Every structure is written in structure tokens, then in C-alpha cells.
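Peer 1: Sequence and predicted model, in that order:
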Amino acid sequence: MERFDSFRLKHKNLGRDAFISKNPPLWLVRELLPEEGAEEMAKFSTVAINLAATATPPKPLLPISAAALLGRMRTAPTSYYVYPMAKRDTGSWQGRILVGRALNADLVLRHPSVSKLHAYFELDAQGQASLVDVRSCNGTLVDGQSIAKDIPVAIVPDVVVVFGSVRGAVISSGRLFDSM
């Protein structure tokens, strides 16, 4: 995980082909929520979103396309993080790219709406990706549609995913390079 502005500076001297060959084929680009700060990022428990018990319900995320999200990333690079969709060397569940709030996840999303182990990505032999929600507390959306728990859903580049209330886009290495 790296903030987009520092990521862009680190890779600015690479050509497109060199960038693509040195990096994983898919990336998760995540936008920070307005309420996220150091204090919020340090929480360790999942907060279930209970709309009935909330006096002022959380503001729903407005629908957005991956292209619009990338456009906003270019204008506000400090508000976005990029995550290579790759398995960490020390990670458990080989073959699965774990997404969650826990520090041992491959893609760590430190937000209280994200479960410790929220979901996972799998890449098949042909490089096709799928996403599985592992009975998370606040659910997972793919292009605005809630996905069923424990059922793999095909993921293609330029799809918007939401884990709890954390939104991001799955993009290819080439698309990420073109956004820099």
C-alpha cells in the first residue's frame, strides 16, 4: 500500500512497458474517506452499520465509474492509495489475496467498516480474477451490486468494488501507469 502521490514520484522515470513488466497485472486504487485520519485508522474492531439505531445514517457512496475515480485521483493524489494485487510472501491462504482490516491481510484496509478478513481475490492460471466475500459484517459491492457471501464473482479491470464503506477500483498496470 502506498499513497498515490509518493507512488507516482517513485515510478516517474519508468516507461510504460517497464512498469507493466515489473509490476502485478492488477491493482486496487482506493480513495480515502473524509473522516479517515490517524485516529480512525488505528481502530481494531469492526463497526457494524446499523441504520435503524443511527440518528444520522452514514452518507451513502454515490455511484462512480473507475474512470471517474482515476480522474479524481489525478487531481487529489494524496487522497488515494494504490495496492498491488499480489500475495505477500508471508501471507497465509496461499493462492488467495486476502482483503481486510487485519495487518496480516495482503490488502490492508484500515477502516472500521471493513472486517478483519473481509474478502479475497483469486487469480486463475489464465490471470482471470474473482472476488469472494467471506461473510464480512458490512458486505461487498461490485459495480454497485451486493455480492453473495462465499460465492466467487468474476472481476475484470475497471470495476468498482466497495468493502464495507471503503471504495476502490480494480485496474490494470497499464491503466495505472496511464493515470500517473
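Peer 2: Great, that's in hand. Numbers count the residues shown, from 1 in each chain.
Peer 1: now the strands for the chain?
Peer 2: Using DSSP state E, the strands of the chain run over 2-3, 26-31, 80-84, 96-100, 107-108, 119-123, 129-133, 140-142, 145-146, 153-155, 159-163, 166-172.
Peer 1: can you list those in JSON lines and add distance to Leu9 and mean neighbour count?
Peer 2: (C-beta placed from N, C-alpha, C; glycine too.) Converted to JSON lines, the strands of the chain look like this (distance: least, CB to CB, whole Å; neighbours: other CB atoms under 10 Å):
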{"stretch": "strand 2-3", "distance to Leu9": "10", "mean neighbour count": "14"}
{"stretch": "strand 26-31", "distance to Leu9": "16", "mean neighbour count": "22"}
{"stretch": "strand 80-84", "distance to Leu9": "12", "mean neighbour count": "21"}
{"stretch": "strand 96-100", "distance to Leu9": "26", "mean neighbour count": "24"}
{"stretch": "strand 107-108", "distance to Leu9": "22", "mean neighbour count": "21"}
{"stretch": "strand 119-123", "distance to Leu9": "27", "mean neighbour count": "21"}
{"stretch": "strand 129-133", "distance to Leu9": "28", "mean neighbour count": "20"}
{"stretch": "strand 140-142", "distance to Leu9": "31", "mean neighbour count": "20"}
{"stretch": "strand 145-146", "distance to Leu9": "36", "mean neighbour count": "10"}
{"stretch": "strand 153-155", "distance to Leu9": "29", "mean neighbour count": "16"}
{"stretch": "strand 159-163", "distance to Leu9": "26", "mean neighbour count": "21"}
{"stretch": "strand 166-172", "distance to Leu9": "19", "mean neighbour count": "22"}
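Peer 1: Now render those strands as TSV, adding distance to Ser179 and mean pLDDT.
Peer 2: Below are the strands of the chain laid out as TSV (distance: least, CB to CB, whole Å; pLDDT from 0 to 100):
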stretch	distance to Ser179	mean pLDDT
strand 2-3	14	86
strand 26-31	8	92
strand 80-84	9	92
strand 96-100	21	93
strand 107-108	19	92
strand 119-123	20	93
strand 129-133	19	96
strand 140-142	21	95
strand 145-146	25	92
strand 153-155	19	95
strand 159-163	15	95
strand 166-172	8	93
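Peer 1: wait, which of those is closest to Ile64?
Peer 2: Closest approach to Ile64 among those is made by strand 159-163 (6.3 Å; CB to CB).
Peer 1: I'm done for today, thanks for sticking with me.
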